[in-house]
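>>> after the sequence you'll find the predicted model.
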Amino acid sequence: MRRLSWVSVTALSFGLAFLYLPMLILVIFSFNDSKLVTVWAGFSTKWYGELLRNEAFLDAAWVTLRVAVISSTIATVLGTMAAWVLIRFSRFPGRSLFSGMVYAPLVMPEVITGLSLLLLFIGIGLDRGVVTIVLAHTTFSMCYVCVVVSSRLVSFDTSLEEAAFDLGATPWETFRLVTLPIIAPAVISGWLLAFTLSLDDLVIASFTAGPSATTLPIKIFSSVRLGVSPEINALSTIMISVVAIGVITASLITKRTAVQRQMDEQVALRDETSV
Amino acid sequence: MTQTIFAPWTDPAEKPLIEFDRVTKRFGDFTAIDDLSMAIYEREFFALLGPSGCGKTTLMRMLAGFDTPSEGTIWLAGQDIAPVPPNKRAVNMMFQSYALFPHLSVWENIAFGLRREGMPKDQLAARVDEMLRLTRLQRFAGRKPHQISGGQRQRVALARSLAKAPKLLLLDEPLGALDAKLRQDTQFELMEIQETTGTTFVIVTHDQEEAMTVASRVAVMDEGRVMQIATPEDIYEAPSSVYVADFIGDVNILRGTARQTAPGRYEILWGEGRAPLISESDTALDNGQSCALAIRPEKVSISADRPETANAAQGKILDIAYLGNLSTYHVELPDGQIIKAQEANTQRIARRSFTWEDEVWVSWTKTAAVLLAD
């Protein structure tokens, strides 16, 4: 292993500072006693208390969470199904058209997606609210799930499915008992991706949200326009912690699985030499 | 005491378990199987042998139900199997990659097919345990596939495909992933299991030694056609074509034209200035018909003096391939033709009779070679 030279230490510190300094400032000022965001007046957690009493923020947070859970779940089901059909049935009329259409929202400007959805909802007379945000988020996050799951399915050994079929499983049993458990990690990361996309989406949500339901990003954005309050800092700090805990847990699980796997393989190797 | 020899294919009253009736399979413009007919009998260990791309895997996939014939019919126990989907066939397959379910334990892998049948719990457990015993895997029942070695995985795959007691078991290159030593042991294990269970096995392999060892009959395939179906002995000793003779084992192919001297007795003229070769054969050949004489190296003797055998030629030792128990001598005749002769090394190497550049005689009897129309 090479030792760190002062050049690489400097480069690393600058890089990390570039990434995390803005967030660090935000976190520090969320504990500021003063109402002025730029003046430090001592440590306090009072803004967190204020936040908990702010009905508007709590409502928005609840809406955001519900939208994210529901839309990412529907998107995962639809995206997985689309990926499965696209990869398994490589030849059917209109396949390339279909696959192009599934991926199109990835490159489509969000403004256009949002606008077209808005026009659709007005056209069919659907009142804007939680339902419309869920539909909109499902639409755009489905293609991300499809991309993640299909990249796993490409490397999936089809003889596993054939073996299940050969052993008497119906096509549905084959999918449920063999394919799905094996691709589960990809499906879960697809769900997480869709969940985070929905959680921080501002553009599409602002097109499709109505007066009855506002998501957290919309709420934050609109209150910042009236001036940054320490309450927003506190809210952002909470969001950062939630995301950080999620990421750290995920990487710990991955690491533990890798270690476990290595140990298992050593056991297999030892048995081979002893039997 | 008369011993009954297992040879149902010689008995015209015997009904085959599987019958291919003029089966053709095309993928687009490519013909994988070309108008193929053959029969496989119950309790047989049948090997499909051929180079890659000869259609042997397609044949197996049609039996399993993953492909359907473009033309012709496949009969299994008197039933046309084309409309029967793979999950409804009394046929199971052991995959080349083993295709073990990585998320299930060894026990659950073996139980998978039985569960799909809805077998009662106690019966199912008894059957899985029986399979574990048969394949000596009891110790590993709770392990996941990645926690066991390659040889054990192979046995799990075998146990899983045998658990449902299929009428027919298909094995796709079952030993391809094992190393040479393990492969030999496993071949005998496979034969033993086949005999114990009485299941009909069809094995696909490109390894001729493997096919010869395990099979009751071997079908040698090339380009979607069956070149010969026979017992391993017949395939080796009485190949029906130059292709089969050349594909199985080592062989000298001498080409020439035939001349009948007596019924069943031929002289083969094979080039200017060479003495004609004498061969006795049931093959019917016209005078002047071009033919090939196939002689296995171990049937060619090598000696310092001219022997009293029907066929003999003098040459010089060009090369010696030392294989331990055997040595193969490449003897070059004056006109450049090379004849391979194999001798058992009954003596230690220091006392070997011949060495490079020695002038020797190669010879073989008039029945040693197989005469084939070319």
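Cool, got the structure.
>>> just the mean pLDDT for the helix or strand that contains A:Glu265, thanks.
A:Glu265 belongs to helix A:230-274 when assigned by DSSP states H and E. Here helix A:230-274 scores 81 as its mean pLDDT.
>>> name the helices or strands packed onto it?
helix A:6-29, helix A:46-53, helix A:180-199, helix A:216-224, helix B:150-162 (3 or more CB pairs under 8 Å, 6 or more residues apart in numbering or on different chains; DSSP states H and E). Bear in mind the C-beta positions are built from the backbone N, C-alpha and C, glycine included.
>>> gap between it and the chain center?
Remark: helix A:230-274 is offset 17 Å from the chain centroid, using CA atoms, centre = their mean, to the nearest Å.
>>> and the helices and strands packed on helix A:230-274, which is most packed in?
Greatest average neighbour count among those goes to helix B:150-162 (a mean of 23), per mean count of other CB atoms under 10 Å in any protein chain shown.
>>> check the average confidence over that one, would you?
93.
>>> next helix or strand past it?
For helix B:150-162, the succeeding helix or strand toward the C-terminus, using DSSP H and E, is strand B:168-172.
>>> how near is the residue nearest to A:Ser229 when sequence neighbours are not counted to chain B?
Nearest residue to A:Ser229 in three dimensions, chain neighbours excluded: A:Ser223, at 6.8 Å (CB to CB, 6 or more residues apart in numbering or on different chains). Per CB to the nearest CB, to the nearest Å, A:Ser223 is found 47 Å from chain B.
>>> kindly report the same for A:Tyr20.
38 Å.
>>> how does the chain divide up, domain by domain?
With no chain named, the answer covers chain A. Chain A is divided into the following domains under automatic domain parsing: A:54-146+A:193-227, A:236-275.
>>> nope, chain B
According to automatic domain parsing, the ranges for chain B are B:8-243, B:250-298+B:314-347+B:357-373.
>>> as TSV, those with distance to A:Val178 would be great.
Shown next, in TSV, are the domains of chain B (distance: least, CB to CB, whole Å):
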stretch	distance to A:Val178
domain B:8-243	6
domain B:250-298+B:314-347+B:357-373	45
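>>> so which of those is the most packed in?
Most buried among those, given mean count of other CB under 10 Å as the contact rule, is domain B:8-243, at a mean of 18.
>>> quote the end-to-end distance of that one.
Taking CA to CA, to the nearest Å, domain B:8-243 runs 26 Å from one end to the other.
>>> from B:Val220, how far out is the residue most central in space within chain B?
Closest residue to the average C-alpha location of chain B: B:Ala211 at 3.2 Å, with CA atoms, centre = their mean. From B:Ala211 across to B:Val220, the span is 9 Å (CB to CB, to the nearest Å).
>>> identify the contacts common to these two.
Jointly contacting B:Ala211 and B:Val220 under the rule CB atoms under 8 Å, 6 or more residues apart in numbering or on different chains are B:Leu49.
>>> re the thing from before, can I get the helices and strands packed on helix A:230-274 in a markdown table including distance to A:Phe92?
Formatted as a markdown table, the helices and strands packed on helix A:230-274 follow (distance: least, CB to CB, whole Å):
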| stretch | distance to A:Phe92 |
| --- | --- |
| helix A:6-29 | 45 |
| helix A:46-53 | 53 |
| helix A:180-199 | 21 |
| helix A:216-224 | 39 |
| helix B:150-162 | 31 |
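>>> tell me if the longest helix seen in chain B is near chain A.
The longest helix of chain B (DSSP state H) is helix B:180-197. No. Contact of helix B:180-197 with chain A is not found when judged by CB under 8 Å from any CB of the partner chain; the minimum separation is 9.4 Å.
>>> other residues contacting that helix?
B:45, B:134-135, B:150-151, B:154, B:158, B:162, B:165, B:171, B:174-175, B:178, B:201, B:210, B:213-214.
>>> near chain A, from those residues?
Checking these against chain A (CB under 8 Å from any CB), the matches are B:Gly150, B:Gly151.
>>> find the nearest non-adjacent residue to the residue nearest to the centre of chain B, please.
B:Ala211 sits nearest to B:Ala47 (CB to CB, 6+ apart), 3.9 Å away.
>>> which is the succeeding secondary structure element to the helix or strand that contains the one you found?
Under the criterion of DSSP H and E, B:Ala47 resides in strand B:45-49. Heading C-terminal from strand B:45-49, the first helix or strand you meet, by DSSP H and E, is helix B:56-64.
>>> now that following helix: mean pLDDT?
The predicted model gives helix B:56-64 an average pLDDT of 93.
>>> got the CA coordinates for it in CSV?
Provided in CSV are the C-alpha atoms of helix B:56-64 (Å, rounded to 0.1, in the frame of the first residue of the first chain):
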residue,chain,number,x,y,z
LYS,B,56,-26.5,-32.8,-29.6
THR,B,57,-27.6,-30.1,-27.3
THR,B,58,-30.5,-29.2,-29.5
LEU,B,59,-31.6,-32.8,-29.4
MET,B,60,-31.5,-32.8,-25.6
ARG,B,61,-33.4,-29.5,-25.4
MET,B,62,-36.1,-30.9,-27.6
LEU,B,63,-36.4,-33.9,-25.2
ALA,B,64,-36.6,-31.5,-22.2
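>>> what does the stretch 1-150 of chain B put close to chain A?
Residues of the stretch 1-150 of chain B lying near chain A (CB under 8 Å from any CB): B:64-66, B:85-88, B:91-93, B:95-97, B:99, B:101-103, B:112-113, B:116-117, B:140, B:144, B:146-150.
>>> quickly run through the sheet partners of the strand holding B:Ala47, with directions.
strand B:200-205 (parallel), strand B:217-222 (parallel) (DSSP bridges).
>>> picking up where we left off before, isn't the residue nearest to B:Ala211 up against B:Gln208?
No. Contact criterion CB atoms under 8 Å: B:Ala47 and B:Gln208 do not qualify, at 9.2 Å.
>>> which residues are in contact with each of the two?
By CB under 8 Å, 6+ apart, no residue touches both B:Ala47 and B:Gln208.
>>> quick one, helices of the stretch 1-150 of chain A?
Assigned by DSSP state H, counting those that start in this stretch, the helices in the stretch 1-150 of chain A fall at A:6-29, A:46-53, A:55-88, A:95-107, A:110-123, A:130-154.
>>> so which of these is the most surrounded?
It is helix A:130-154: most buried of the helices of the stretch 1-150 of chain A by mean count of other CB under 10 Å, with a mean of 22.
>>> is it positioned near chain B?
No. On the criterion CB under 8 Å from any CB, helix A:130-154 is out of touch with chain B, staying 13.4 Å away.
>>> right, and the helix or strand after that helix?
Downstream of helix A:130-154 (by DSSP H and E), the next one is helix A:158-166.
>>> which other helices and strands does that following helix contact?
On a contact count with 3+ CB pairs under 8 Å, 6+ apart, helix A:158-166 meets helix A:171-174, strand B:91-94.
>>> any idea of the mean pLDDT for the last one?
Averaged across strand B:91-94, the pLDDT comes to 95.
>>> just the first one next, same as before
Mean pLDDT, computed over helix A:171-174, is 93.
>>> quick one: distance of that helix to the chain centre.
On CA atoms, centre = their mean, the centre of helix A:171-174 falls 29 Å from that of its chain.
>>> quick one: that helix near chain B?
Yes. Applying CB under 8 Å from any CB, one finds helix A:171-174 touching chain B at A:Glu173.
>>> quick one: B:Lys56 and B:Phe46 touch, right?
No. Using CB under 8 Å, B:Lys56 makes no contact with B:Phe46, being 11.3 Å away.
>>> from start to finish, how long is stretch B:221-234 in a straight line?
End residues of stretch B:221-234 are separated by 15 Å (CA to CA).
>>> that'll do, ta.
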